[in-house]
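Trainee: Provided below are the primary sequence and the corresponding predicted coordinates.
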Amino acid sequence: MTAEFLESALWELSPADRGLFQAFGAGPIRTPPFDHVHHAFEAHAALRPQATAVEHLGESLTYAELDARAGLLAELLIRGGVRPGDHVGLFLTRSISMVVGVLAVLKAGAAYVPQDLGTATEAQLRHVVRTARIDVVLTTSADAVPDHLARIVVIDALPEVSAFCRTITAESDAAAVVFTGTTGVRISHANLCNVLLTAPGSLGVTPGTRVSQLLNIACDLAMWEVLGTLANGGTLVLRGEDAEQTASTVDVVIATPGVLASLDPGVCRRVRSVVVAGERCPQALADAWAGRAAFHHAYGPTEVSIAATVRRHEPDGERLTLGKPVPNTTVYVLGDDLRPLPVGAVGEVWVGGAGVTAGYAGDLDLTARRYRPDPFLTGGGLMFRTRDLGRWTAGGDLEHHGRAGDQVEVLGYRFELDVVTEALEGAVGCERATTLVHDGRLVGFISPGTAAPEVAKQAVSRRLPHYCVPTLIVPVDALPTTDRGKVDRHALLSRLDGRRTRALRSQV
């Protein structure tokens with residue numbers, strides 16, 4: 001069973017394409033077992049209280065202990081004035097207290113707003129507090145939060161209380177506000193339950209499954225790690241300094257391609273399931289892991305709740321795609337004026353259904369520009385404009401074709417940088433690549449540092465027109481990443497500026 005479409009909205013398509021638009025664009029209908037993600041955790045705490053819920057640097061909490069600590073903190077928040085629907089800051093670094101804080105805010109009926117103090121500046125924290133209208137911030141005694149930002153509550157300084165009376169509060173559907181740049185996306189419990197409590201987003205996590213927590217806590221994928229694990233009864237393993245050491249002890253890894261590329265599959269032999277999302281994934285990286293574990297390639301910006309499509313990739317030589325819609329989700333490839341396009345045509349990707357979030361906190365204008373009423377479903381609802389370009393394959397998988405409006409112009413020709421990057425990664429000896437425009441020139445970066453620029457240039461020349469061939473190809477040991485695990489293009493541009501400065505000095 002899938003979503004019901006309005007035939008009148010598809011009249012421009014041929015009967016055959018009309019059927020494919022519906023068949024390819026709609027995920028199956030599924031009913032998540034819970035409507036609040038922390039209720040799923042509480043159910044596991046009741047059934048298996050002594051099971052290990054979270055581990056970090058030799059310390060651990062059982063489900064019963066984590067539930068009790070989160071319940072006590074929730075009660076303190078409620079007595080301190082936190083109300084259902086409020087936004088509570090979670091400003092700290094990775095720790096077991098971080099997990100306690102997430103669950104406590106949800107139990108109090110509020111939405112948590114995560115920021116990693118290891119990377120966030122004070123100016124960024126001020127912006128988050130102001131934009132999300134935060135009055136209370138949770139942190140730990142090891143983290144320093146400026147006390148002028150909001151009322152500070154220290155999680156690991158809770159009183160020793162073995163029994164307390166919980167205040168009954170109304171449920172709220174608000175779960176989190178996740179910031180992408182300067183905008184905060186409001187994510188609901190319904191959004192999270194839809195992706196985390198149904199396959200494939202549940203990732204086969206069951207009691208006893210060990211899942212790593214490697215990513216920045218402010219990243220939406222960290223919700224998949226933390227809440228996806230605890231809502232399905234698994235054991236969450238928080239990383240220390242060495243991400244690979246942590247990954248070598250778990251069954252499931254959720255990561256960006258940048259973070260996954262830093263892990264050696266040979267070291268992480270226990271890993272049986274991997275999911276990547278957040279940025280473009282190199283084919284070679286997918287093939288390397290798919291030969292050892294179930295490799296899931298997911299796609300979905302924060303605004304559609306972590307993942308809108310997922311595909312299990314097999315190391316069989318087929319091109320890596322974004323897959324098919326997850327349950328209760330619709331994906332459309334549209335042309336100008338929101339016209340549905342036939343299968344095989346490249347257009348803008350829009351996402352509808354249960355994963356679409358409530359918009360941006362404090363920015364109604366941007367919400368109105370990126371979210372639109374869904375004209376295709378009988379039940380209505382909203383759809384989100386991803387600004388990604390894509391097309392459906394003949395087999396019903398979504399292919400990524402770059403970003404709308406992100407084309408570059410070099411030598412008078414317009415093209416997508418991702419096309420060049422993919423060609424670079426097809427060169428012998430090149431595992432990862434990225435492409436930038438610097439001072440009007442097309443520049444490619446390839447890794448590892450042993451990759452040969454001439455071989456990479458020839459690989460591009462064989463596949464693409466002359467104007468797509470980079471004038472400079474720079475080998476690097478590894479592509480630098482941002483704190484959220486994506487390729488750091490600013491760092492690469494700075495490296496180029498440094499090269500130019502050294503060249504100028506050598507001429508003096």
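Mentor: Thanks, I have the structure now. Numbering: from 1, shown residues only.

Trainee: need the strands for the stretch 1-150 of the chain, in chain order.
Mentor: 52-56, 59-62, 87-92, 111-116, 136-139 (DSSP state E, counting those that start in this stretch).

Trainee: what's the burial count for residue 450?
Mentor: 11 (other Cβ atoms under 10 Å). C-beta: built from backbone N, CA, C; applies to glycine.

Trainee: Can you list the buried residues in the longest strand seen in the chain?
Mentor: Ranked by residue count, the top strand of the chain under DSSP state E comes out as strand 382-392. Buried residues in strand 382-392, defined by neighbour count with 16 or more other Cβ atoms under 10 Å: 382-386, 388-392.

Trainee: Kindly point out the strands partnered with that strand and how each is oriented relative to it.
Mentor: strand 347-353 (antiparallel), strand 371-373 (antiparallel), strand 398-403 (antiparallel) (DSSP bridges).

Trainee: can you count the residues close to the closest residue to residue 133 other than its chain neighbours?
Mentor: By the measure of Cβ to Cβ, 6 or more residues apart in numbering, the closest residue to residue 133 outside its immediate chain neighbours is residue 87, 6.0 Å from it. Residue 87 is flanked by 24 other residues according to other Cβ under 10 Å.

Trainee: What residues does residue 87 make contact with?
Mentor: Contact criterion Cβ atoms under 8 Å, 6 or more residues apart in numbering gives 110-113, 132-134, 174, 177, 361 as the residues in contact with residue 87.

Trainee: picking up where we left off before, closest one to residue 231 out of the buried residues of strand 382-392, please.
Mentor: residue 384 (23.5 Å; Cβ to Cβ).

Trainee: Can you give me the end-to-end span of stretch 352-364?
Mentor: Stretch 352-364 has an end-to-end distance of 19 Å (Cα to Cα, to the nearest Å).

Trainee: ignore the last one, stretch 22-39
Mentor: 33 Å.

Trainee: repeat for stretch 288-305
Mentor: Counting by Cα to Cα, the terminal residues of stretch 288-305 are separated by 28 Å.

Trainee: Any stretches of the stretch 301-450 of the chain with poor pLDDT?
Mentor: Low-confidence segments of the stretch 301-450 of the chain (pLDDT under 70): 405-407, 412.

Trainee: So which residues of it form helices?
Mentor: 364-370, 417-424 (DSSP state H, counting those that start in this stretch).

Trainee: before we move on, the earlier item: whichever of the contacts of residue 87 end up buried, select them in ChimeraX.
Mentor: Buried residues among the contacts of residue 87 (16+ other Cβ under 10 Å), as a ChimeraX selection:
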select :110,111,112,113,132,134,174,177,361
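
Trainee: In JSON lines: the contacts of residue 87, plus distance to residue 120.
Mentor: Putting the contacts of residue 87 into JSON lines (distance: Cβ to Cβ, whole Å) gives the following:
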{"residue": "110", "distance to residue 120": "20"}
{"residue": "111", "distance to residue 120": "18"}
{"residue": "112", "distance to residue 120": "15"}
{"residue": "113", "distance to residue 120": "11"}
{"residue": "132", "distance to residue 120": "13"}
{"residue": "133", "distance to residue 120": "18"}
{"residue": "134", "distance to residue 120": "13"}
{"residue": "174", "distance to residue 120": "22"}
{"residue": "177", "distance to residue 120": "14"}
{"residue": "361", "distance to residue 120": "17"}
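
Trainee: can you redo the strands of the stretch 1-150 of the chain as CSV with mean pLDDT?
Mentor: Below are the strands of the stretch 1-150 of the chain laid out as CSV (pLDDT from 0 to 100):
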stretch, mean pLDDT
strand 52-56, 98
strand 59-62, 98
strand 87-92, 98
strand 111-116, 97
strand 136-139, 98
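
Trainee: Quick check: which of those is nearest to residue 30?
Mentor: Nearest of the strands of the stretch 1-150 of the chain to residue 30, taken as Cβ to Cβ: strand 111-116 at 24.4 Å.

Trainee: For residue 283, state which of the contacts of residue 87 is nearest.
Mentor: residue 177 (34.7 Å).

Trainee: what about residue 16, how many neighbours?
Mentor: Per other Cβ under 10 Å, the neighbour tally for residue 16 reads 10.

Trainee: From residue 375, how far out is it?
Mentor: Going from residue 16 to residue 375 by Cβ to Cβ, to the nearest Å gives 21 Å.

Trainee: cool, and residue 158?
Mentor: Applying Cβ to Cβ to residue 158 and residue 375 gives a distance of 50 Å.

Trainee: what do you get for residue 309?
Mentor: Counting by Cβ to Cβ - residue 309 and residue 375 are separated by 21 Å.

Trainee: more neighbours, those two?
Mentor: Each of residue 309 and residue 375 has its neighbours counted (other Cβ under 10 Å); residue 309 has more, 26 against 16.

Trainee: For the nearest residue to residue 69 once chain neighbours are set aside, the count of nearby residues, please.
Mentor: Nearest residue to residue 69 in three dimensions, chain neighbours excluded: residue 100, at 4.9 Å (Cβ to Cβ, 6+ apart). A count of nearby residues for residue 100, using other Cβ under 10 Å, gives 27.

Trainee: list the contacts for residue 100?
Mentor: So residue 100 contacts 66, 69-70, 73, 155 (Cβ under 8 Å, 6+ apart).

Trainee: Now do the longest strand of the chain: everything it contacts.
Mentor: By Cβ under 8 Å, 6+ apart, the surrounding residues in contact with strand 382-392 are 20, 24, 301, 303-304, 322, 330, 332-333, 341, 343-352, 356-357, 369-374, 376, 398-405, 416.

Trainee: now residue 477, nearest residue through space, not along the chain?
Mentor: Spatial nearest neighbour of residue 477, excluding adjacent residues (Cβ to Cβ, 6+ apart): residue 449 at 4.3 Å.

Trainee: So that neighbour sits against residue 475, correct?
Mentor: Yes: assessed by Cβ atoms under 8 Å, residue 449 is found in contact with residue 475 at 4.8 Å.

Trainee: If you count surrounding residues, which of those two has more?
Mentor: A direct count of neighbours by other Cβ under 10 Å for residue 449 and residue 475 places residue 475 higher, at 17 against 10.

Trainee: Can you pull the phi and psi angles for that one?
Mentor: As for residue 475, its main-chain torsions (degrees, to the nearest 10) stand at phi -80, psi 140.

Trainee: ok, and the closest non-adjacent residue to residue 33?
Mentor: Excluding the flanking residues, the one nearest residue 33 by Cβ to Cβ, 6+ apart is residue 197, at 5.9 Å.

Trainee: With residue 215 instead?
Mentor: Nearest to residue 215 is residue 222, by Cβ to Cβ, 6+ apart, at 4.7 Å.
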